[in-house]
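>>> can you look at this prediction? I've put the sequence above it.
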Amino acid sequence: MRKFLNAKFIIGAFCMTLVIVLAVFGNFITPYGPQEQDLLSSLQPPRFDETRYYLGTDHLGRDILARMVSGARVSLLIAASIVVLSGVFGVLFGSLSGYWGGIRDIVLQKVVETFWAFPPILLALAILAFFGQSLMNIIFALSIQRWIPYSRIARAQALVLRNREFVAASQVMGGGASWIITRHILPNLLAAAIVIATFSMATAILAEASLSFLGLGVPPEIPTWGGMLAEGRSYVVGAWWIAVFPGLGIFVTVLGLNLLGDWLRDLLDPKGSLNLR
């Protein structure tokens with residue numbers, strides 16, 4: 001239990017539990033839908049009365065709490081999808097590159113360097129401008145470069161693991177490349193991949209919020225925290241709650257994920273061999 005009596009874990013777990021509970025059970029708190037409009041109740045401040053506008057309303061009379069719930073679901077869905085896609089591809093790519101070595105490793109690393117040369121946000125903007133706005137397109141646009149950290153760590157680990165005794169023993173007993181990678185290389189990369197995934201979720205949420213703030217994220221009919229920030233910047237003086245609450249949601253989520261990532265790195269990599277930042 002001493003491992004969990006840590007300030008990073010306690011604060012990070014509390015933040016993420018708060019966000020997950022909001023995303024899962026938020027509809028039980030508010031009776032309104034995220035797109036339900038009531039122009040007579042527009043720009044209402046946060047209030048605890050019979051209207052149940054606990055976080056206020058925006059300029060179209062939409063409930064901020066209901067939109068916060070929808071934004072939490074979208075952010076977590078996009079972040080989780082990006083982590084799964086980029087993690088699986090990056091770990092496999094890096095494992096093959098490190099295990100093979102030689103000319104194949106050089107060629108694969110040139111592919112990595114090519115993708116790494118593009119600024120992430122500009123590349124995502126170009127993809128969304130070309131393919132259009134949709135949930136699948138933003139996941140693809142934000143995953144196009146986020147597999148590289150997984151690949152670099154996996155390659156470095158695979159270069160070390162391929163010379164270990166248990167890998168040599170497996171080769172002597174007739175184990176092929178696919179057997180060694182799936183049975184020996186990948187299981188030993190799991191800890192590093194989990195740590196990277198935690199930090200990657202935080203950066204993915206920030207990237208999605210940035211694109212939505214610029215108007216190139218998910219379609220406008222889907223409420224997101226970044227889109228709510230963009231709508232609230234015009235009312236930040238007279239109706240501060242429109243922008244403050246989605247900004248607070250982004251802050252709490254990213255803070256929780258970063259603290260959990262630091263805690264996992266300290267727990268799984270006590271020697272500090274993983275340079276993830």
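Sure, I can see it.
>>> okay, CA-based contacts and neighbour counts for the rest of this
Fine.
>>> how about low-confidence regions in the stretch 151-277 of the chain?
For the stretch 151-277 of the chain, applying pLDDT under 70 flags the ranges 269-277.
>>> likewise the stretch 1-150 of the chain?
Low-confidence segments of the stretch 1-150 of the chain (pLDDT under 70): 1.
>>> cutoff 90 now
Filtered on pLDDT under 90, the stretch 1-150 of the chain yields the residue ranges 1-6, 26-31, 38-41, 47-52, 95-102, 104-105, 108-109, 111-137, 144-146, 149.
>>> show me where it has helices.
For the stretch 1-150 of the chain, helices defined by DSSP state H, counting those that start in this stretch occupy the ranges 7-25, 64-100, 102-116, 120-131, 135-143, 148-161.
>>> then the stretch 151-277 of the chain?
Counting by DSSP H, counting those that start in this stretch, the helices of the stretch 151-277 of the chain are 165-172, 177-180, 186-213, 225-232, 241-268.
>>> just say which of those is most tucked in.
Among the helices of the stretch 151-277 of the chain, ranked by average contacts under mean count of other Cα atoms under 10 Å, first place goes to helix 225-232 (a mean of 23).
>>> report the angle between that helix and helix 186-213.
Between helix 225-232 and helix 186-213, the angle comes out at 20 degrees (axes from the mean of the first three to the mean of the last three Cα atoms, to 10 degrees).
>>> name the residues that touch helix 225-232?
Outside helix 225-232, the residues that touch it by Cα atoms under 8 Å, 6 or more residues apart in numbering are 58, 68, 71-72, 75, 208-215, 220, 239-240, 242-244, 246-247, 249-250.
>>> spatially speaking, which residue is in the middle of this structure?
Against the mean C-alpha coordinate of the chain, by Cα atoms, centre = their mean, the closest residue is residue 201 at 2.1 Å.
>>> now residue 51: how far from residue 192?
48 Å (Cα to Cα, to the nearest Å).
>>> cool, residue 46 as well?
From residue 46 to residue 192 the distance is 43 Å (Cα to Cα).
>>> re earlier: looking at the helices of the stretch 1-150 of the chain, which is nearest to residue 268?
helix 7-25 (13.4 Å; Cα to Cα).
>>> name the helices or strands packed onto the closest one?
Contacts defined by 3 or more Cα pairs under 8 Å, 6 or more residues apart in numbering; DSSP states H and E place helix 7-25 against helix 64-100, helix 241-268.
>>> got the angle for it vs helix 64-100?
120 degrees.
>>> without its sequence neighbours, what residue ends up closest to residue 217?
With sequence-adjacent residues excluded and distances taken as Cα to Cα, 6 or more residues apart in numbering, residue 217 is closest to residue 211, at 4.7 Å.
>>> ok, residue 246 touching residue 66?
No. With contact defined as Cα atoms under 8 Å, residue 246 does not reach residue 66; the gap is 11.4 Å.
>>> got any residues that touch both of those two?
Contact with both residue 246 and residue 66 is made by no residue, according to Cα under 8 Å, 6+ apart.
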